[in-house]
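Peer 1: Generate coordinates for the sequence data below:
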Amino acid sequence: MGDIAGKRVLVREDLNVPMVDGAVSDDTRLRATVPTVAELADRGAIVLVLAHFGRPKVPSAEFSLSQVTSAYADVLGRPVHYVDWEGDAAAVAKLAPGDIAVLENTRFFGGEEKNDPAIVARFAALGDFYVNDAFSAAHRAHASTEGLAHVLPSFAGRAMEAELDALEKALGKPEHPVAAVVGGAKVSSKLDVLTHLVDKVDHLIIGGGMANTFLAARGVDVGKSLCEHDLIATVEGIFTAAERANCTIHLPYDVVVAKEFRANPPVRTVNVHEVAADEMILDIGPAATEALADVLKTCRTLVWNGPLGAFETPPFDTATIALAWTAAALTQSGSLVSVAGGGDTVAALNQAGVAEDFTFVSTAGGAFLEWMEGKTLPGVAALLHG
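Peer 2: Numbers count the residues shown, from 1 in each chain. Below you'll find the predicted structure:
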């Protein structure tokens, strides 16, 4: 990027933070932006932060990014200006080298999500350079995430760089054996992921409600567990593809069952073939969890997306937490590169207290999933090709 002192740099960040009573309730996403924004400001750039906030139908105070500027200033430890779209050019002209400003919600323009060339030009007129630091929005071809990369000299920010590095280590050019943990309620939501992964990984560990559909495809009666019986033929296709690719699919052979889904109901731990007609499978059992820990001990790389059980409801977080501890310990000992992503996964790892111990934890939801599906992310592709 060379000498950027006095240059205006448009930086696409993810400031889409949760709010409670008008205050930011979790500043994780704000903190992720600090390396890029602080470095640019320290190098004398005028930093103009572009971001969306929520899904506004029309511009409104409820979706204004002015709400995050004071929390953002606290996180950055320096002043943050707010620039409304009314008179934005005049406001930007008054900023000095080293200043940081948050521009109003990009989605206040209907053309942002349509990647409208007029909106791209409107944004581009404010800057000399473009930096995309928002991996979590990279699966969207919007004006501020993709369009700008074609009209201004473009670069990846530090967080984007770290994310792409980690993903390359996890599935691009990983060290084998590779294990993937894929959990979640429904096979239908992860079909593309599963189909893509069987060709990429050596061990595919299936958890969550999805595992019930896989068990049913293997002839197990899963009682009244969540199960997509209409997808059994599809799952059989995944088994066949895995066998062809020499990928081992791991399903639990003992499970934790209950007659009702609530916190701390009476539970039984049983062999998968002993699930009663009125019971539902809500977690993987201790023997299966231990067997999965043994699998991870043989692996060099782990990609994790989705919990093993109904982790939000105790005691059905037991298997997820136990396996997360194993993965964290193996990572800390240097034998495993562990990359995890997606909202539920991050929440589960935080619950287990090990998010800091993984090699990399991505806060991106949709973008992480699309990457696991092997899809090209428009925001990343635009940076590579300009």
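
Peer 1: When you work out contacts or count neighbours from here on, use the C-alpha atoms and nothing else.
Peer 2: Noted.

Peer 1: Going along the chain, name the helices of this structure.
Peer 2: Ranges of helices in the chain, per DSSP state H, are 28-32, 34-42, 69-76, 88-93, 117-124, 158-167, 191-197, 210-217, 232-245, 286-297, 318-332, 343-352, 366-372, 378-385.

Peer 1: Residue 97: what's it in contact with?
Peer 2: Contacts for residue 97 (C-alpha atoms under 8 Å, 6 or more residues apart in numbering) come out as 5, 6, 7, 41, 44, 45, 46.

Peer 1: check contacts around the first one.
Peer 2: Think residue 5. 43, 44, 45, 46, 97.

Peer 1: Columns distance to residue 81 and pLDDT on top of those residues, output as CSV?
Peer 2: Below are these laid out as CSV (distance: C-alpha to C-alpha, whole Å; pLDDT from 0 to 100):
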residue, distance to residue 81, pLDDT
43, 18, 97
44, 16, 97
45, 14, 98
46, 11, 98
97, 13, 97
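
Peer 1: Can you select the buried ones from the residues you listed in ChimeraX?
Peer 2: The following ChimeraX line selects those of the contacts of residue 5 that are buried, judged by 16 or more other C-alpha atoms under 10 Å:
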select :43,44,45,46,97
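
Peer 1: still on that earlier bit, what is the nearest of the contacts of residue 97 to residue 170?
Peer 2: Nearest to residue 170 among the contacts of residue 97 is residue 41, at 31.9 Å by C-alpha to C-alpha.

Peer 1: what's the closest non-adjacent residue to the closest one?
Peer 2: residue 98 (4.2 Å; C-alpha to C-alpha, 6 or more residues apart in numbering).

Peer 1: repeat for residue 321
Peer 2: Per C-alpha to C-alpha, 6+ apart, closest to residue 321 is residue 352, 5.1 Å.

Peer 1: Can you report how many residues neighbour the one you found?
Peer 2: Neighbour count for residue 352, taken as other C-alpha atoms under 10 Å: 18.

Peer 1: tell me which residues in stretch 356-372 are buried?
Peer 2: Buried-residue list, stretch 356-372, by 16+ other C-alpha under 10 Å: 357-372.

Peer 1: Same check on stretch 180-200?
Peer 2: Buried, per 16+ other C-alpha under 10 Å, within stretch 180-200: 180-187, 190-195, 197-198, 200.

Peer 1: what do you get for stretch 241-250?
Peer 2: Those would be 242, 247, 248, 249, 250, for stretch 241-250 by 16+ other C-alpha under 10 Å.

Peer 1: Domain boundaries for the chain, per the record?
Peer 2: 8-156, 164-372 (automatic domain parsing).

Peer 1: now the end-to-end length of the first one.
Peer 2: End-to-end distance for domain 8-156, by C-alpha to C-alpha, to the nearest Å: 16 Å.

Peer 1: follow-up on the earlier one: pick the one among the buried residues of stretch 356-372 closest to residue 276.
Peer 2: Looking across the buried residues of stretch 356-372 and measuring by C-alpha to C-alpha, the closest to residue 276 is residue 369, at 34.1 Å.

Peer 1: got the contact list for that closest one?
Peer 2: By C-alpha under 8 Å, 6+ apart, the neighbours of residue 369 are 193, 342.

Peer 1: Look up how far residue 157 lies from it.
Peer 2: In terms of C-alpha to C-alpha, residue 369 sits 21 Å off from residue 157.

Peer 1: Surely residue 324 is in contact with residue 351?
Peer 2: No. Residue 324 is beyond contact range of residue 351, at 9.9 Å (criterion: C-alpha atoms under 8 Å).

Peer 1: what about those two, which has more around it?
Peer 2: residue 324 (25 against 16).

Peer 1: on that earlier part again, just send the helices of the chain back as a markdown table, with mean pLDDT and distance to residue 143 too.
Peer 2: As requested, the helices of the chain are arranged in a markdown table below (pLDDT from 0 to 100; distance: least, C-alpha to C-alpha, whole Å):
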| stretch | mean pLDDT | distance to residue 143 |
| --- | --- | --- |
| helix 28-32 | 91 | 21 |
| helix 34-42 | 98 | 20 |
| helix 69-76 | 97 | 22 |
| helix 88-93 | 96 | 17 |
| helix 117-124 | 97 | 5 |
| helix 158-167 | 91 | 18 |
| helix 191-197 | 92 | 27 |
| helix 210-217 | 96 | 36 |
| helix 232-245 | 96 | 37 |
| helix 286-297 | 98 | 42 |
| helix 318-332 | 97 | 38 |
| helix 343-352 | 88 | 25 |
| helix 366-372 | 86 | 17 |
| helix 378-385 | 85 | 10 |
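
Peer 1: Pick the most buried one from the ones you listed.
Peer 2: The highest average neighbour count among the helices of the chain, using mean count of other C-alpha atoms under 10 Å, belongs to helix 210-217 at a mean of 24.

Peer 1: who touches it?
Peer 2: Looking at what lies outside helix 210-217 - C-alpha under 8 Å, 6+ apart - the contacts are 183-187, 221-222, 225-229, 231-233, 235-236, 251-252, 281.
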